[in-house]
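1. let's see this in three dimensions:
(one chain, ligands or ions: 2)
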Amino acid sequence: MASLKTPALSLSPKYHRRSSFPATFSNNLRYSRSQMQSNTFLIIAAAPGSSSKKPNVRSPAPGSSSSSPGSISKKPTVLVAEKLGEAGLALLRQHANVECFYNLSPEELRAKIAQCDALIVRSATKVNRAVFESSGGRLKVVGRAGVGIDNVDLAAATEHGCLVVNAPTANTIAAAEHGIALLASMARNVAQADASVKSGKWQRSKYVGVSLVGKRLAVLGFGKVGSEVARRAKGLGMHVIAHDPYAPADRARVIGVELVGLKEAITTADFISLHMPLTPATSKMLNAEAFAKMKKGVRIINVARGGVIDEDALWRALNGGIVAQAALDVFTEEPPTKDNKLVQHDKVIVTPHLGASTMEAQEGVAIEIAEAVVGALKGELAATSVNAPMVPAGVLNELKPYVQLAEKLGRLAVQLVAGGRGVKTVKVSYTSSRAELDTRLLRAMITKGIIESICNIFVNLVNADYTAKQRGLRITEERVSLDGSSEYPLESIRVQIANVDTKFASSKSSTDDIVVEGRVKGKIPRLTKVGSFGVDVSLEGSIILCTQVDQPGMIGKVGRILGEENVNVSFMSVGRIAPRTHAVMAIGVDEQPRKETLKRIGEVPAIEELVYIKL
Ligand SMILES: NC(=O)c1ccc[n+]([C@@H]2O[C@H](COP(=O)([O-])OP(=O)(O)OC[C@H]3O[C@@H](n4cnc5c(N)ncnc54)[C@H](O)[C@@H]3O)[C@@H](O)[C@H]2O)c1
Ligand SMILES: O=C(O)[C@H](O)COP(=O)(O)O
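-> Ligands and ions are numbered 1, 2, ... in the order given. Next up is the predicted model:
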């Protein structure tokens, strides 16, 4: 049995406080332990196979490989709900049971999802709230094999702690090339002329087109696809302008494109090509009012999303002569109905959402999404996450032991609270010599430690902030700046819970807050302070905290009782303000002591209070 006495810690003069650090943390964290990678902070929430719901599904699509009936597999199950390139499927199969079920009805998807750890979709599958609710908490990651995530209910995913990742880069060129293909085909009536010739006609004067060279193209949405379209259009001799409120000016400058306001873009363009995502802000961005401002004879290309155009307004603008032609790859409702008046319009050419559909793009997207999903299932933070913060791998690695410390401190602090007023305000102080410190992971882990200890909610990187907010838990952070430099990102983390009663009076500081503080030593998280008492115990397993009147023989007395009760002690530490006054003894135990054992310790005359904490 180790015996170690440490003096109470005090803030040295070299510490000085900096308020409200960092400014905002609107994102979430997602962590837990998994079978795939134990004893580290991970993305996986529940054990694969933890759902008991029965699936009601169609036969597997070709290429599907499911685990044999009745087999017990520790591999996660990935449901691929839309066609995915073979290279991606092969990668997934190395790590998971892959089930390919294409064209599931919404009911079938909801029935199937409860048995899946991950779901991969393209744009046709609506991953709505009902899907997350039906997953029973098992679904850890939704992979969107493409860019647009408007078919995934991100709020519902976040609330359910489900990570959403996409494949944002692999289909950029394909989409841009399709945009250019539509632009050129529309200008030269390729589709209409083709149909005409195939019907036996030869109408050379009917299909006279317009030239592209020298024409003004407005690219709306100057992101990945928009800038590639701009680059290509410039190669065709077009004068390209772009509107994008969030695009960096230097990106435009490099390509030789002028960034302009929306009004200038739509009032001066001969061609308008759409490349913004569908969001509440861009929904029906091209509406009657916008068409009314356009140059007569303008031509529209849409390879973004149908919903960014008010389709009725476009139809009227085509008939009213404002819009000369439109080329549409995407529709508000997909597939559009047979009698869709835009599809049937002779000034409109259409394709069935083919922007990303090249062999090269589909292989690329499949690999990109498979890597993201496998990484997420392994507990890595995905670089393409759309509802969780992106934390660089280097930062993540460095913070790993502090992440454990943060969770343990949250877990410990909340167990010192006596029922009654409820935990509402938590203050976290990080002592560090680093000017920049990303504490999102740490804050989420403290939230996790607090919330998971008091209710049956799974908290992770994705839903930590949301869950805290829902429960009215306010976490403020401050940085205690340490002079000098250190190879370690953090010196210590302190968690303070205000306005609560406690079951362990010594855990309260002079400000009446419950205070616990810890640091990492040799990669092991340690508790270094309780209330005003300095201790030094490893934050592992379980801890008994006692307040005692400091006097000789206390460690021996308590140690003997635990020994007699067959409870193995891993460490002991005593912190005191001054000799022979009050002291706090922290005892690490391997087994949970019986109630009677704790009662016997409590009856030792010098022991004043005692609490058992499971970490
Ligand atoms: N038809 C297809 O098969 C296909 C293929 C790929 C992408 N897409 C669609 O194209 C969209 C763009 O893809 P990306 O890879 O270029 O995405 P991206 O995120 O790189 O670019 C989108 C751009 O739109 C801008 N934007 C946002 N709101 C805007 C607004 N109100 N006005 C103007 N610009 C605005 C953003 O700032 C961003 O620069 C996707 O969201 C997807 O819906 C379709
Ligand atoms: O957003 C995208 O990536 C494109 O619209 C492609 O969608 P798809 O995967 O359904 O072809």
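2. what about the helices in the stretch 151-300 of the chain?
-> Assigned by DSSP state H, counting those that start in this stretch, the stretch 151-300 of the chain shows helices spanning 154-159, 172-187, 190-198, 224-235, 249-255, 262-268, 288-293.
3. please apply the same query to the stretch 401-550 of the chain.
-> Under DSSP H, counting those that start in this stretch, the stretch 401-550 of the chain gives helices at 440-454, 464-470.
4. so which of those helices is the most surrounded?
-> Mean neighbour counts were taken over those using mean count of other CB atoms under 10 Å, and the top value, a mean of 25, falls to helix 440-454. Quick note: C-beta positions are derived from backbone N, CA and C, even for glycine.
5. and for the residue in the stretch 351-500 of the chain positioned nearest to ligand 1, the neighbour number?
-> In the stretch 351-500 of the chain, the residue that lies nearest ligand 1 is residue 355 (2.4 Å; CB to the nearest ligand atom). Residue 355 is flanked by 27 other residues according to other CB atoms under 10 Å.
6. what residues are up against it?
-> By CB atoms under 8 Å, 6 or more residues apart in numbering, the contact set of residue 355 is 171, 174-175, 178-179, 225, 303, 329-330.
7. quick check, nearest of these to ligand 2?
-> Nearest to ligand 2 among the contacts of residue 355, counting by CB to the nearest ligand atom, is residue 171 at 5.1 Å.
8. from residue 274, how far out is the closest residue to the closest one other than its chain neighbours?
-> The shortest distance from residue 171 to any non-neighbouring residue, by CB to CB, 6 or more residues apart in numbering, is to residue 356 (3.7 Å). Residue 356 sits at a distance of 15 Å from residue 274 (criterion: CB to CB, to the nearest Å).
9. close to ligand 2: what parts of the stretch 1-150 of the chain are there?
-> Residues of the stretch 1-150 of the chain found near ligand 2 (CB under 6 Å from any ligand atom) are 122-124, 145-148.
10. 8 Å - rerun?
-> 82, 122-124, 144-149 (CB under 8 Å from any ligand atom).
11. next: the chain.
-> Going by CB under 8 Å from any ligand atom, the residues of the chain near ligand 2 are 82, 122-124, 144-149, 166-167, 171, 175, 303, 305, 330, 353-357, 365.
12. now those residues: which count as buried?
-> 82, 122-123, 144-149, 166-167, 171, 175, 303, 305, 330, 353-357, 365 (16 or more other CB atoms under 10 Å).
13. my guess is the residue nearest to residue 171 meets residue 144, correct?
-> No: counting by CB atoms under 8 Å, residue 356 sits too far from residue 144 to count as a contact (11.4 Å).
14. can you give me the pLDDT of residue 246?
-> Predicted confidence (pLDDT) for residue 246: 88.
15. residue 463 now?
-> Residue 463 is given a pLDDT of 87.
16. surely it is in contact with residue 155?
-> No: Residue 463 is not in contact with residue 155 according to CB under 8 Å; the separation is 10.7 Å.
17. contacting residues for whichever residue of the stretch 101-250 of the chain sits closest to ligand 2?
-> Proximity of the stretch 101-250 of the chain to ligand 2 (CB to the nearest ligand atom) peaks at residue 146, 2.6 Å away. Taking CB under 8 Å, 6+ apart as the criterion, residue 146 is in contact with 122-123, 166-167, 171, 356, 365.
18. try 6 Å
-> 122, 167, 171, 356, 365 (CB atoms under 6 Å, 6 or more residues apart in numbering).
19. how about residue 207?
-> Counting by CB under 6 Å, 6+ apart, residue 207 touches 189, 193.
20. can I get the residues of the stretch 1-150 of the chain next to ligand 2 in a markdown table with pLDDT and secondary structure?
-> Converted to a markdown table, those look like this (pLDDT from 0 to 100; DSSP: H, G, I helix; E, B strand; the rest coil):
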| residue | pLDDT | secondary structure |
| --- | --- | --- |
| 82 | 98 | coil |
| 122 | 98 | coil |
| 123 | 97 | coil |
| 124 | 97 | coil |
| 144 | 98 | strand |
| 145 | 98 | coil |
| 146 | 97 | coil |
| 147 | 96 | coil |
| 148 | 95 | coil |
| 149 | 94 | coil |
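21. which one of the residues you listed sits closest to residue 374?
-> Comparing those against residue 374 with CB to CB picks out residue 145 as the nearest, at 13.3 Å.
22. hang on, the closest one packs against residue 370?
-> No: in this structure residue 145 lies outside contact range of residue 370 using CB atoms under 6 Å: 8.6 Å.
23. pull up the gap between the closest residue to ligand 2 within the stretch 351-500 of the chain and residue 176, please.
-> The nearest approach of the stretch 351-500 of the chain to ligand 2 comes at residue 356, 3.5 Å away (CB to the nearest ligand atom). Relative to residue 176, residue 356 is positioned 11 Å away (CB to CB).
24. circling back: mind checking what secondary structure the residue of the stretch 351-500 of the chain closest to ligand 2 has?
-> Under DSSP: H, G, I helix; E, B strand; the rest coil, residue 356 falls in the coil class.
25. show the contacting residues for it.
-> Counting by CB under 6 Å, 6+ apart, residue 356 has contacts 146, 171, 174-175.
26. wait, isn't residue 425 in contact with residue 496?
-> No: in terms of CB under 6 Å, residue 425 does not count as a neighbour of residue 496; the distance is 8.6 Å.
27. pLDDT wise, what is the spatially most central residue of the chain at?
-> The residue lying closest to the centre of the chain (CA atoms, centre = their mean) is residue 388, at 2.1 Å. Looking at residue 388, its pLDDT is 78.
28. likewise the one 5 residues further on?
-> The score at residue 393 is 68. That number is its pLDDT.
29. same deal with the one 10 residues further on?
-> Model confidence at residue 403, given as pLDDT, is 91.
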